[in-house]
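J.: what would the 3D arrangement of this be:
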Amino acid sequence: MKSLMLAAGLARRLYGGENTELPKALLTFGGESLLSRHISTLRECGIEELFLVVGHRSEDLISEANRIAPPNFVKFIYNPRYREGPILSLECGSEVLRAGNPVIFMDADTLYHPNILHRLVGSEYDTCFVVDREFQSTDDFVKVCLRDGQVVDFGKNLSGSYDLVGEWPGFMKMSPEIASKVADEAGRIVSNGEVEGAYERAIQSVLHNETIGTFGFEDITGMPWIEIDYESDVEKASLQIIQRISES
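T.: Now for the predicted structure:
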């Protein structure tokens, strides 16, 4: 099983504008960078390779990854258009998504308990979200919607009816077939010049075209995690989440 992680962005919501700050994946909590934590947990879960999409200050991400990981564990994919929109980073990973392997897809800017990733990797579902029924973010949620215990929608802009909604921490498992379809949809969006907006719409489009039940979920409610988008998230991660992770 391979992993594809997006880490190319500028972190405008955290730092603003055309900042020169380090990528969010290099933020440190408990003396360890997010990227270091990702790599350690992925290796614990038996992941064979991590494909890291880089852009902003790519040399710093590459240096940190090479410092931590064993040789050839991390492969780097450079997104030259990283300033334009995250769908371009997803599209840069198309070769990985089409390679015929199950894929663990990840955002790089999340601090989380390792058990969340263990739960996802070990899920009985070939294609699977992790879902927290208690919303952790203060703004800009990505949601997973359930009806009768089945995933029926996903993303920021939702349609249809559902009876339960939870927050998505930014990780999912894709079967080879679904991964390839996500790559195709990301390519279609980019080819149409629709590069502004969230990358999740590519995954949402595939979900809408699949039979209900193709996408499963693992409920990780109660496990500590936080996505780092704003300064308040950095503070909460430093003062609360890292302590909960270390104590559990």
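J.: buried stuff in stretch 234-244?
T.: 234, 236-237, 241-242 (16 or more other Cβ atoms under 10 Å). (C-beta placed from N, C-alpha, C; glycine too.)
J.: mind listing which of those are in helices?
T.: If you go by DSSP state H, the buried residues of stretch 234-244 have 234, 236, 242 in helices.
J.: low pLDDT regions in the protein?
T.: 138 (pLDDT under 70).
J.: now with 50, please.
T.: By pLDDT under 50, the chain contains no weakly predicted segment.
J.: which elements pack onto the lengthiest helix in it?
T.: Counting by DSSP H, the longest helix found in the chain is helix 176-191. Judged by 3 or more Cβ pairs under 8 Å, 6 or more residues apart in numbering; DSSP states H and E, helix 176-191 is in contact with helix 86-92, helix 94-97, strand 103-107, helix 200-208.
J.: out of the ones you listed, which comes closest to Ser191?
T.: Evaluated with Cβ to Cβ, the helices and strands packed on helix 176-191 place helix 86-92 nearest to Ser191, the distance being 9.1 Å.
J.: what does that closest one rub up against?
T.: Applying Cβ atoms under 8 Å, 6 or more residues apart in numbering, the set of residues contacting helix 86-92 from outside is 6, 8-9, 53, 55, 77-79, 81-82, 182-183, 186-187, 189-190, 194-195, 197-199, 201-202.
J.: redo that, cut-off 10 Å
T.: With contacts defined as Cβ atoms under 10 Å, 6 or more residues apart in numbering, helix 86-92 is touched by 4-9, 51, 53-55, 77-82, 85, 97, 105, 107, 182-183, 185-191, 194-203.
J.: now those: which count as buried?
T.: Neighbour counting over the contacts of helix 86-92 (16+ other Cβ under 10 Å) leaves 4-9, 51, 53-55, 77, 79, 82, 85, 97, 105, 107, 182-183, 185-187, 189-190, 198-203 as the buried ones.
J.: how close does the closest residue in space to Glu91 that isn't next to it in sequence get to Val195?
T.: Once flanking residues are discounted, Glu91 sits nearest to Ala186: 4.3 Å by Cβ to Cβ, 6 or more residues apart in numbering. Taking Cβ to Cβ, to the nearest Å as the measure, Ala186 falls 10 Å from Val195.
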